[in-house]
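Participant: pasted the sequence and its predicted model underneath.
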Amino acid sequence: MSKRKRYAIFLIGLFVNSLGVSMITKASLGTSPISSIPYVLSLKFPFTLGEFTIFFSLFLILLQLLILRRNFKAEHLLQIPISVLFGYFIDLSMVLLTFIDLRSYFVQIAGLLCGCVILGFGVYLEMAADVAMLPGESFVRAVAATWNTEFGTTKIVFDVSMTGIAALLSFGYFGGLNGVREGTVIAALLVGSIARLPGRILTSKAKQEQTENPVFSSSKP
C-alpha cells in the first residue's frame with residue numbers, strides 16, 4: 001500500500017478505536033485498561049474522558065523520552081498529534097453514542113462485548129497500517145526494548161498496572177470502585193485476541209488459496 005493509504009487506514013482505525021472505547025464506557029461496567037485512569041479522573045474533575053486521554057498520553061510520551069533518552073527519535077513525536085486527535089475522537093464518539101441507554105445488566109454485557117469487538121477491529125486496522133503507535137503501546141515497546149522483556153508480557157503488566165492505579169484512584173476519590181469494574185477485566189482479556197483474529201483469518205485464507213491453486217502460488221515458470 002502507498003503511504004497515503006496506510007495513513008488513511010490508520011486514521012480510520014483510530015476513529016474505530018475511539019468508538020470502541022466509548023461503547024465500552026457506555027456499558028457502565030468499567031472501561032478498557034488504557035482508558036481506566038483517564039476515565040476515573042474524568043468522573044472526579046471537570047475535564048472530559050477525551051481531554052484526560054490527551055493529558056495521560058502526553059505523560060506517557062514524556063516517560064518514553066526519559067526511558068529511551070538517546071534512542072528517542074523524532075518519529076516518536078508523531079504520537080503528540082495522534083494523541084490529541086484520538087482524544088477528540090473519543091469525545092466525538094461519546095456524543096455520537098448519547099442515544100445509547102444500557103440499563104439492565106444483560107444489555108450492559110452485550111454493549112460491553114460489542115465495544116470490545118469494535119475496539120479490537122480498530123486496533124487491528126492500526127496495526128495493519130503500520131505507520132505509528134498510540135502512546136500506550138509505544139510506551140510498552142520502549143520498556144520492552146530498554147529492559148529486554150517480551151512485549152506481550154510487558155503489555156499485560158502495563159494493563160494490570162493501569163487498572164490497579166485506576167482502582168486506587170477510585171477508592172481515594174469515591175471510597176469504592178467507580179469506573180473500574182468487571183468490564184475492565186473483560187476488555188483486557190478480549191480486545192487483544194479480537195485484534196489478532198482478522199489477521200489470522202486472512203493468513204489462513206491465503207494459505208488455503210495457495211493450497212487450492214498451487215500453480216499460481218508457485219514461483220516456478
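Facilitator: Right, received. Where do you want to start?
Participant: break down this structure into its helices, ranges please.
Facilitator: 3-26, 33-44, 49-68, 79-96, 105-129, 135-147, 151-174, 182-212, 214-217 (DSSP state H).
Participant: most packed of the ones you listed?
Facilitator: Ranked by mean neighbour count under mean count of other Cβ atoms under 10 Å, the helices of the chain are led by helix 33-44, which reaches a mean of 24. C-betas here are computed from N, CA, C, even on glycine.
Participant: give the other helices and strands that that helix contacts.
Facilitator: In terms of contact count using 3 or more Cβ pairs under 8 Å, 6 or more residues apart in numbering; DSSP states H and E, helix 33-44 is assigned the packing partners helix 3-26, helix 49-68, helix 151-174, helix 182-212.
Participant: swap in 6 Å and give it another go.
Facilitator: Helix 33-44 makes packing contacts with helix 49-68, helix 151-174 when contacts are defined by 3 or more Cβ pairs under 6 Å, 6 or more residues apart in numbering; DSSP states H and E.
Participant: can you list the neighbours in contact with stretch 18-37?
Facilitator: The contact list for stretch 18-37 (Cβ atoms under 6 Å, 6 or more residues apart in numbering) reads 39, 56, 89-90, 93-94, 97, 100, 102, 108, 111-112, 114-115, 118-119, 122, 136, 159, 162-163, 165-166, 180-184, 187-188.
Participant: may I ask which helix or strand of the chain has the lowest mean pLDDT?
Facilitator: The helix or strand of the chain with the poorest confidence is helix 214-217; it has a mean of 52 (mean pLDDT, DSSP states H and E).
Participant: re earlier: could you dump the helices and strands packed on helix 33-44 to a markdown table with mean pLDDT?
Facilitator: Supplementary listing: the helices and strands packed on helix 33-44 in a markdown table, determined by pLDDT from 0 to 100:
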| stretch | mean pLDDT |
| --- | --- |
| helix 49-68 | 95 |
| helix 151-174 | 90 |
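Participant: dump those into a markdown table; add distance to Val84 as well.
Facilitator: As requested, the helices and strands packed on helix 33-44 are arranged in a markdown table below (distance: least, Cβ to Cβ, whole Å):
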| stretch | distance to Val84 |
| --- | --- |
| helix 49-68 | 6 |
| helix 151-174 | 20 |
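Participant: to Met1, which of these lies closest?
Facilitator: Comparison of the helices and strands packed on helix 33-44 against Met1 by Cβ to Cβ identifies helix 151-174 as nearest, at 24.0 Å.
Participant: what does the closest one contact?
Facilitator: Helix 151-174 is contacted from outside by 33, 36-37, 40, 44, 140, 143-144, 177-180, 184, 188, using Cβ under 6 Å, 6+ apart.
Participant: tell me the one of those nearest Arg6?
Facilitator: For Arg6, the closest of the contacts of helix 151-174 turns out to be Val140, at 21.7 Å, with distances computed as Cβ to Cβ.
Participant: wait, what's in contact with that closest one?
Facilitator: Contacts were defined as Cβ under 6 Å, 6+ apart; by that measure Val140 touches Thr154, Lys155, Phe158.
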